[in-house]
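A.B. asks: sequence first, predicted model second:
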Amino acid sequence: MIIKKIMPLAIASGLALGAASASADDGINAISANVGLTSDYVWRGVSQTNEDVALQGGFDYAHDSGLYIGTWASNVNFGGGLDGGSTEIDVYGGYGGDISDNLGYDIGFIYYGYQSDSDLDFLEIQGSLTFYGVTVGLNYSDEFGDGGPKNLYTHAEYSYSLTENLSLDLHGGYTDTDEDDFWEDGEDSYGDWSIGLGASFVGLDLSLAYVGTTLDDLDIYDDRAVFTIAKSF
């Protein structure tokens, strides 16, 4: 089994064949969509497309109460004889809000589904806090794929505005399972990181990130630069 994805909360840029957004009830309810292309679908530092390009995207519904739900999809290619299907389709939802002017929170779930191999499907429960622009969070799965180990992902992100349309984006994460030798390097845990730039230009969202892990046994673990171009509606 190989690893899947982080929602665009950190750097895994998600985007798909999108539809135009709509709103109702004077903004109380809002539907949005995004579509984009990335040079490599990287989730927690590891390529999910065997170091190839991916078309990604999704739809979101948000209510001003803080409740939200959405779906996200991407092509995948795990290689090495793993099936998993050609498409990953995720469903997520949760509740978020502000505790104070500088403190926010988010709790929810993410279900990762694979087109032709449901044995790789798994559910994560997630929660995070954002304080003065720094986000720290935990993602937990009781079964990392069918019959897989328990998995805990700890992460932190920070985005700093360099100019009105340019930001410096930092991410660090740590994956810990309760099964020895789960990863190809014979490890039960590993770290991942990224540093990147995000920009808005002529209605497009652009990002260039350099990502890496503490694993090195396979090419999909290698440090790499990832470029993404996206459009939100």
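C.D. replies: Happy to help now that I have it.
A.B. asks: grab the nearest non-local neighbour of residue 105.
C.D. replies: Nearest non-adjacent residue to residue 105, counting by C-beta to C-beta, 6 or more residues apart in numbering: residue 129, 5.4 Å away. In short, each C-beta sits where N, CA and C put it, glycine included.
A.B. asks: wasn't the one you found part of a strand?
C.D. replies: Yes: assessed by DSSP: H, G, I helix; E, B strand; the rest coil, residue 129 belongs to a strand.
A.B. asks: that one reaches residue 155, doesn't it?
C.D. replies: No: between residue 129 and residue 155 no contact is recorded; they are 11.8 Å apart, counting by C-beta atoms under 8 Å.
A.B. asks: so what sits against both of those two?
C.D. replies: Common contacts of residue 129 and residue 155 (C-beta atoms under 8 Å, 6 or more residues apart in numbering): 136-137.
A.B. asks: of those two, who's got more company?
C.D. replies: Using other C-beta atoms under 10 Å as the criterion, residue 129 and residue 155 rank with residue 155 on top: 21 against 15.
A.B. asks: if I look at the more buried one, how far off is residue 175?
C.D. replies: Distance, residue 155 to residue 175, by C-beta to C-beta, to the nearest Å: 9 Å.
A.B. asks: do residue 137 as well
C.D. replies: Distance of residue 137 to residue 175, given as C-beta to C-beta: 13 Å.
A.B. asks: give me the more crowded residue out of those two.
C.D. replies: Ranked by neighbour count (other C-beta under 10 Å), residue 137 and residue 175 place residue 175 first, with 26 against 21.
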